[in-house]
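S.K.: only geometry, no sequence info:
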């Protein structure tokens, strides 16, 4: 069972004591058990694809994604594709891993802020917080603040998805432009032209549209999602074929995937790539997380 390890730094422990005292005297009605292991997490079968679990009440809900292979990038026949989406190449994901069902929300980010693990409190642009995806967070904010904190309080290995893992998860066994097909359709996502109530106006609460076949929501649209890799327009010429990230480079731009509420339909294609400075914050940028699973997880 996951728990807060004694190796965690003292910030969370001190915060818990302070909250307990405040609750005791009626000043605050906050339960630190939101960081305790979720009651259902230990009972879940993490060897089964599609299993949904949660390591703590304030942690992202996770889905087990199966091992498999796919063709990454756009084929030569796709005349709308950009050069940085080619050459198309086969990627083998040899081990199952877990991905957050939804983009990380303001509620989940604020749990980190409240505990002292995240110093950055991002603006919600006046749209509301709670179940809306957190925005105005940079790659640096995520990797230097949120992920270290999440790993401390759960004792697990959370990280950003690699670019290959992201596309594999977004496609969910398909090879079409979007996980639901080649046509954009109506009200399948939140973008500039998706014909949803939030188009080109603001983010939608996570889970407002149908999930893909892996049980993941908002892989297309809503917010761009930071991934681990450095961006290189020629990356696919030498891209890893095992699902790992491209070799890291000092001070590189980082890849964003999936487009956002203000992106056009072309930028929502599963193969579309974008690269931005790692310290850049924007109202269309958010993220989701991956988690390493036990070695026995194979299907």
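M.R.: Good, I have the coordinates. For clarity, every value in this text was computed on a predicted model and none was experimentally measured.
S.K.: okay, now residue 70: neighbour count?
M.R.: Residues lying near residue 70 (other Cβ atoms under 10 Å) number 19. C-betas here are computed from N, CA, C, even on glycine.
S.K.: and the helix or strand that contains it, what's buried?
M.R.: Assigned by DSSP states H and E, residue 70 belongs to strand 68-72. Residues of strand 68-72 classed as buried by neighbour count (16 or more other Cβ atoms under 10 Å): 70, 72.
S.K.: and for stretch 164-176?
M.R.: By neighbour count with 16+ other Cβ under 10 Å, stretch 164-176 contains the buried residues 164, 165, 166, 167, 168, 169, 170, 171, 172, 174.
S.K.: where exactly do the helices run in the stretch 51-200 of the chain?
M.R.: 106-114, 139-141, 147-154, 163-171 (DSSP state H, counting those that start in this stretch).
S.K.: on that earlier part again, make TSV out of the buried residues of stretch 164-176 and add distance to residue 121 and pLDDT.
M.R.: Shown next, in TSV, are these (distance: Cβ to Cβ, whole Å; pLDDT from 0 to 100):
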residue	distance to residue 121	pLDDT
164	32	98
165	29	98
166	26	99
167	31	98
168	33	98
169	29	98
170	29	98
171	34	98
172	34	98
174	38	98
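S.K.: on that earlier part again, and the angle for the strand holding residue 70 with helix 163-171?
M.R.: If you take axes from the mean of the first three to the mean of the last three Cα atoms, to 10 degrees, strand 68-72 sits at 100 degrees to helix 163-171.
S.K.: quick check, distance from strand 68-72 to the centre of its chain.
M.R.: 19 Å (Cα atoms, centre = their mean, to the nearest Å).
S.K.: which elements pack onto that strand?
M.R.: If you count contacts as 3 or more Cβ pairs under 8 Å, 6 or more residues apart in numbering; DSSP states H and E, strand 68-72 packs onto strand 89-93, helix 163-171.
S.K.: that one versus strand 89-93: what angle between them?
M.R.: Using the same axes, to 10 degrees: strand 68-72 against strand 89-93 is 150 degrees.
S.K.: if we can go back for a sec, could I get the helices and strands packed on strand 68-72 as a markdown table with distance to residue 141?
M.R.: As requested, the helices and strands packed on strand 68-72 are exported to a markdown table (distance: least, Cβ to Cβ, whole Å):
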| stretch | distance to residue 141 |
| --- | --- |
| strand 89-93 | 27 |
| helix 163-171 | 19 |
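S.K.: check contacts around residue 265.
M.R.: Neighbour list for residue 265: 184, 191, 192, 193, 194 [criterion: Cβ atoms under 8 Å, 6 or more residues apart in numbering].
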